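Enquirer: Just a sequence and a predicted model for now, questions to come.
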Amino acid sequence: MRSSVPSFAELLGGCERSAVHLELRDSYAPTERFAAWQRGERINWEDRASWWHPYDQLIADTVARGVVIRRARVVSEPVSAYIWWEHYVTHANVTAGEEVRWLPRRRATSIPLPGNDFWLFDGALLRLHHFSGDGAVVEDEITEEPEIVELCATAFEAVWERAIPHHLFDVGQAGSCQ
């Protein structure tokens, strides 16, 4: 394992073909954006300048270079309020060029999953995310260890194959937590 962790922008900047992201948690550390949504505030998707962030631009620029970016989320049902919100704000990810799919956790039972969320760049460089119990990022770790990379790559592809494309995944059908 490497001790120095390059920034996400550096990792994505060096990516040539693909970047995949697997998310396994039903909630992450609360943010002001999530709190605003819980208070009933909604994004004006027509006013792109009000919601387009540097992350969105980084994704759009990377996709424009020909890199395919896929994100898969394994979620419990009924979905948590946080996942309901994530589904809502995923409009930004999709607009930026990410392909996003959702897999109900009950359909993931036979998939050997890693213990941590991760990004995998070009099928070779893995950025693992370590979280505290309340969903705050504790640290990120980089590895190119073949066995770990293979486990994560295989897990992602198995999830992706079974998962539901974002535009077809109905969080209301998955359970209302609004």
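Expert: Thanks, I have the structure now. Owing to the predicted nature of the structure, the values given are computational and were not obtained by experimental measurement. Numbers count the residues shown, from 1 in each chain.

Enquirer: Distance-wise, check the residue lying closest to residue 99 once chain neighbours are set aside relative to residue 151.
Expert: Nearest residue to residue 99, sequence neighbours excluded (CB to CB, 6 or more residues apart in numbering): residue 70, at 4.7 Å. For the C-beta atoms, the positions are set from N, CA and C on the backbone; glycine is no exception. Residue 70 sits 17 Å away from residue 151, going by CB to CB, to the nearest Å.

Enquirer: Let's verify the residue nearest to residue 99: helix, strand, or coil?
Expert: strand (DSSP: H, G, I helix; E, B strand; the rest coil).

Enquirer: Okay, strands next: where are they in the chain?
Expert: 18-23, 68-75, 99-104, 117-121, 125-131, 137-143, 164-165 (DSSP state E).

Enquirer: on that earlier part again, dig out what the residue nearest to residue 99 forms beta bridges with.
Expert: residue 20, residue 99 (DSSP bridges).

Enquirer: For it, which residues are in contact?
Expert: 18-21, 98-101, 156, 160 (CB atoms under 8 Å, 6 or more residues apart in numbering).

Enquirer: Let's see that with 7 Å instead.
Expert: For residue 70, the contacting residues are 20, 99, 160, by CB atoms under 7 Å, 6 or more residues apart in numbering.
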